[in-house]
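Q: Next come a sequence and a model predicted from it.
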Amino acid sequence: SIEPYFNIIQVWLTEGRLEDWSQEFIFYKDNEPLDEEDDFWNNMFKSHDYKGRLASENIVPLRLLEGLDQKIFVSGKSIEILSKLDHLLNGKFSVKFDEENNNRILFVDFVQNLESQLPKIAKDPTPTKPD
């Protein structure tokens, strides 16, 4: 099922937490401590070589995330950094999300959008005869 991946994306992009308890998502947080000299932006979050792994098993990657994976990666890192800064500032400059949109579930939105794009199937399966 793709639903757990949408849940991971939603939490990362809305709350600034990359939560992947099974270590299956395409991105991961490197838990190695960084020196002050290290580049936080480039070294804290990394991408699994999922495309190479799929190719080695002769599996074609889903085109669903094609082009979106890097946007999700940069956006997730940005939100997580902003969330950490807010925490360091003791919430003095907390950003409030639009409650209506923040409570929506990304997977449900995806399914509804997908359903709206699919051709409608007639409710009466009996074929009509031409005049």
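A: Looks like it arrived, so ask away. Numbers count the residues shown, from 1 in each chain.
Q: Could you use CA atoms for every contact and neighbour count after this?
A: Noted.
Q: Contact partners for the closest residue to residue 18 other than its chain neighbours?
A: If the residues on either side of it in the chain are set aside, residue 18 comes closest to residue 12, at 4.9 Å by CA to CA, 6 or more residues apart in numbering. Going by CA atoms under 8 Å, 6 or more residues apart in numbering, residue 12 touches 18-19, 76, 79-80.
Q: Now the phi/psi pair for residue 12, please.
A: phi -70, psi -40 (degrees, to the nearest 10).
Q: cool, residue 46 as well?
A: phi -140, psi 170.
Q: how much space between it and residue 25?
A: Residue 46 sits 11 Å away from residue 25, going by CA to CA, to the nearest Å.
Q: again with residue 48
A: Residue 48 is 8 Å from residue 25, by CA to CA.
Q: and these two? which has more neighbours close in?
A: residue 25 (17 against 13; other CA atoms under 10 Å).
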